[in-house]
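# after the sequence you'll find the predicted model.
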Amino acid sequence: MGLFERKNYKIFFRSKGEAVLWLTGGGLMISLIMIAFLILLVLKNGLGNYIPLPITMMELKNGELLMGEVTKSELYTLDKAKFDQLDDKDKLRINENGMKEKRYLLRIGNFELTNEHFKWVSEYEIKNRSYPKDAVIIERLEWGRFYGIPKEFRIDGKAVSTDLNGIISNYKKYHDYVVKLWEEKVSIEKKEIGKLNHYIEKERLKLKKASMDLSKAKATKNELKIKEAQAIYEMSKAEFDAFDKSVKKNYERLIDKIDDLKKEYERYSIHFLTVDGKEKDVKLFEMIRSYYANQLTFSEKVGVYFSRWVEFLTGEPREANSEGGVFPAIFGTVVMTLIMSMFVVPFGVIAAIYMKEYAKSGKLISILRIAINNLAGVPSIVYGVFGLGFFAYTLGASIDKLFYSAKLPNPTFGTGGILWSSLTLALLTLPVVIVATEEAINAVPNSLREGSYACGATKWQTIRYIVLPRAMPGIMTGFILAMSRGAGEVAPLMLVGAVKLAPEMPVDSIFPFVHLERSFMHLGFHIYDLGFQSQNSDAAIPMVYTTTLLLITIVVVLNVVAIYIRNRLRKKFIGSIF
Amino acid sequence: MEETLKNSFDTERKTVYDPLLNNESMIISLKELRLFYGNKQALFNVNMDIPKGKVTALIGPSGCGKSTLLRCINRLNDLLDFVRIEGDITLNGESIYDKSVDLSELRKKLGMVAQKPNPFPMSIYENVVYPLKIDGVKKKSILDEACEKSLKSAGLWEEVKDRLKDNALGLSGGQQQRLCIARAIAPEPEVILMDEPCSALDPLATMKIEELILSLRGDYTVAIVTHNMQQAARVSDYTAFMYMGYLVEYGNTINIFKKPRLKDTEDYITGRFG
């Protein structure tokens, strides 16, 4: 036994803390594995969603023909009765798989013909499989995807070409033209008619206000007032009539234009034969993307993949959000987060400055601090309820009564909207900012404050020039935390303004450009809606992953930008300490 | 030893002054200054006059109240709400604890250099002109001139003239402290208060600061707190020895170090306690 060998092993284990090392390391490892698993899951499903798949044609044993994309395959346990009916070859295979049968989720599309988007097909049902070269996948504006074999290219219902090459060349020739016309029509509908409606509504409200003023004046029984109100009312009425006439003319002109466009672009179509023997005419303008899935080269596949991503990021949703893009949701999320930051950062910083610099530290401040910390633990849905009850129904309703009385009983601010959502989330994240700012102010060395006072600075000058700049990195940390929390929060937003589909964006080209009363789309709510509220859940669930990936990316990007700014500030203000 | 000292204070409490002090014209005088941290008294009836244009050193063991005394002069102790001050201090004959006194105006006349260099997190230029800027001076020519003049007085101009826009935190410790001195003299104060300005510096930087203090003598009145008795002997004209909140002996530096009148002073100076 060596001189310096450990003698008391009981002490050894307690003092060395080997167990603690394993415990802490293991804990870290478990959290890392979970995070990595989550990220990998989201990445795999999110990035894989848009890979173009081949078209599989399945001939079933019962004679049915199916055609579509295999989106998923899984093993399931076959029940005994069914198993007994199968032939020997299938039984053998199932036995090899451990009594489990393989099944495929086939996206068969053609919803208006089949009333199904997807179909499960078990291996034992399949007689044979083939990959027809001339089958086409079409992503359409309505009814989801279409799978079929093109037969004729038609203009005005008459066949122009019937061979494959002719159809392709005609498609290439006319598709861009037709889409352009269609886009023009949509833009007229959305922008010009929207603007017109907006003006009509404005004038109508003016008239209504005048009539309300008149009835109010009548109630006072003051002759002079009645006369005055009457005059105003008549003037507005005349104005409105004149306006109405001119608008009607405009309106008709626009409708005519739309009709012309419609007539033109609806002339072009392609006639398809589906796998179950039905025929279908698909209008050219409906086709967003179409390709011979089984003839794609690698570079064409990449092209389809990226064009789907571009549509996802810049387009508007279609088919109850399960297809198309999420641009309005991205926009809504970013605008909401920015408005929230605009409220929460100044308020939080001001509150923290008062508590740290001005208030005398005592019992009251301690209680206040505990209360603020507790606020961070209140369930977010409670904030949602508060936001709805206080902001929308109390504050908003009063604003409506004061400024938008002509529009009542339709609420303007008296219902959920982006302003109330931002304020609710600002309230939710306020404790984070206050606590972070307080800590940052605490970390400013007293020697700097004294140095400033000794130079003759007042308290405010010291805070303004010394404390705040020096605390800025810490404040930024609070801002980052608040932003991440706010961008990812869903529950309160469901109550105060996030909607499944917002017809108008919160920022647009109609004066006053920023419409804080409008409801908006939010990525977090979009994910919830896709995952749990969708009719076509097989198509929506891959979108859940893609949207989740996008939301995570946005939060990461916002954070990285904020961290970059913080590090620059830190370098500037804290620098070297010799 | 300490026990006997304490007893002797309790009975006598008399400060011994050097008659040479009578020949000087005084700028600051402390009259019966008493200071309490809550219930604990930290300064006991300090009567002390600081001569104009001279360097006065405050020495004494840790916790004897020399820094507290210095901070009373520019009213930095006001920041602590548990401090209570009695007695009076006058600057050029006017009370600084009067109700009408504006702290900003007062502190402009009293530059201060802290124990640890405390440059602000901004550029060198901004640091030096900070006292002027917060006073509302906006004209660039005035600021530039003040900056150059102060940095030259602080002996830093040659080292930093090409990088005035750089962050002050990039300077070395000694340079930072000289920058703080430049900042203290930028508004042209009458008095510069230094609270152990060299305690965080290496010997070379200390030497530079000491040379700087000697060069400031005459133009400015300097009151310096120091732990280092050699430093007090090197730079100061007058020295005050404090102990346990009392001013024990105050006089010409040569006299204090060569032939102190009190045995306590001698014990401290020769290193027998403290």
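Cool, the structure landed. Because the structure is predicted, anything quoted here is derived from the model rather than measured. Numbers count the residues shown, from 1 in each chain, chains lettered A, B, ... in the order given.
# please give me every residue in contact with residue B:42.
Residue B:42 makes contacts with B:35, B:36, B:65, B:68, B:245, as judged by CB atoms under 8 Å, 6 or more residues apart in numbering or on different chains. From N, CA and C alone the C-beta is placed, and that goes for glycine too.
# what's the answer for residue A:554, then?
Here residue A:554 is in contact with A:330, A:333, A:334, A:487, A:523 (CB under 8 Å, 6+ apart).
# buried subset of those residues as a PyMOL selection?
Per 16 or more other CB atoms under 10 Å in any protein chain shown, the buried members of the contacts of residue A:554 correspond to this PyMOL selection:
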select buried, chain A and resi 330+333+487+523
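# can you give me the neighbour number for residue A:116?
14 (other CB atoms under 10 Å in any protein chain shown).
# my error: substitute residue A:77 in the last question.
By the criterion of other CB under 10 Å, residue A:77 has 11 neighbours.
# surely it and residue A:99 touch.
Yes - using CB atoms under 8 Å as the test, residue A:77 is close enough to residue A:99 to be in contact (6.5 Å).
# let me know the pLDDT of residue A:13.
What the model reports for residue A:13 is a pLDDT of 66.
# my bad, residue A:49
Reading off the model, residue A:49 has pLDDT 87.
# confirm residue A:346 sits in a helix?
Yes - under DSSP: H, G, I helix; E, B strand; the rest coil, residue A:346 sits within a helix.
# so how far is chain B from it?
To chain B, residue A:346 is 22 Å away according to CB to the nearest CB, to the nearest Å.
# so what's residue A:369 up against?
A:355, A:438.
# where does it land in three-state SS?
Assigned with three-state DSSP, residue A:369 falls in the helix class.
# what does residue B:249 give?
Residue B:249 ends up strand, using three-state DSSP.
# isn't it up against residue B:242?
No - applying CB under 8 Å as the test, residue B:249 and residue B:242 come out as separate, 9.1 Å apart.
# can you name the residue of chain B nearest to chain A?
In chain B, the residue found nearest to chain A is residue B:169; the distance is 3.1 Å by CB to the nearest CB.
# taking the contacts of residue A:554 one by one, which sit in helices?
A:330, A:333, A:334, A:487, A:523 (DSSP state H).
# check which residues of stretch A:388-406 are buried.
Applying 16+ other CB under 10 Å to stretch A:388-406 flags A:388, A:391, A:392, A:393, A:395, A:396, A:397, A:399, A:400, A:404, A:406 as buried.
# I should have written stretch A:65-79 there, sorry.
Buried, per 16+ other CB under 10 Å, within stretch A:65-79: A:66, A:67, A:68, A:69, A:70, A:71, A:78.
# these in strands, which ones?
If you go by DSSP state E, the buried residues of stretch A:65-79 have A:66, A:67, A:68, A:69, A:70, A:71 in strands.
# how about those residues in TSV, adding pLDDT?
Formatted as TSV, these follow (pLDDT from 0 to 100):
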residue	pLDDT
A:66	90
A:67	91
A:68	91
A:69	91
A:70	91
A:71	88
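# ok, these vs residue A:45, which is closest?
residue A:71 (11.3 Å; CB to CB).
# give the contact list for the closest one.
A:53, A:105, A:106, A:107, A:118, A:538, A:542.
# name the nearest residue to residue 189, sequence neighbours excluded.
All of this is about chain A. residue A:258 (6.7 Å; CB to CB, 6 or more residues apart in numbering or on different chains).
# ah, I was thinking of chain B
Closest residue to residue B:189 apart from its sequence neighbours, by CB to CB, 6+ apart: residue B:111 at 4.1 Å.
# any idea whether that neighbour is helix, strand or coil?
strand.
# just checking, it touches residue B:187?
Yes - look at residue B:111 against residue B:187 with CB under 8 Å: they come within range, at 7.2 Å.
# just give me the neighbour total for residue 236.
Just so you know, I chose chain A. So residue A:236, with other CB under 10 Å, has 20 neighbours.
# look at chain B instead
27.
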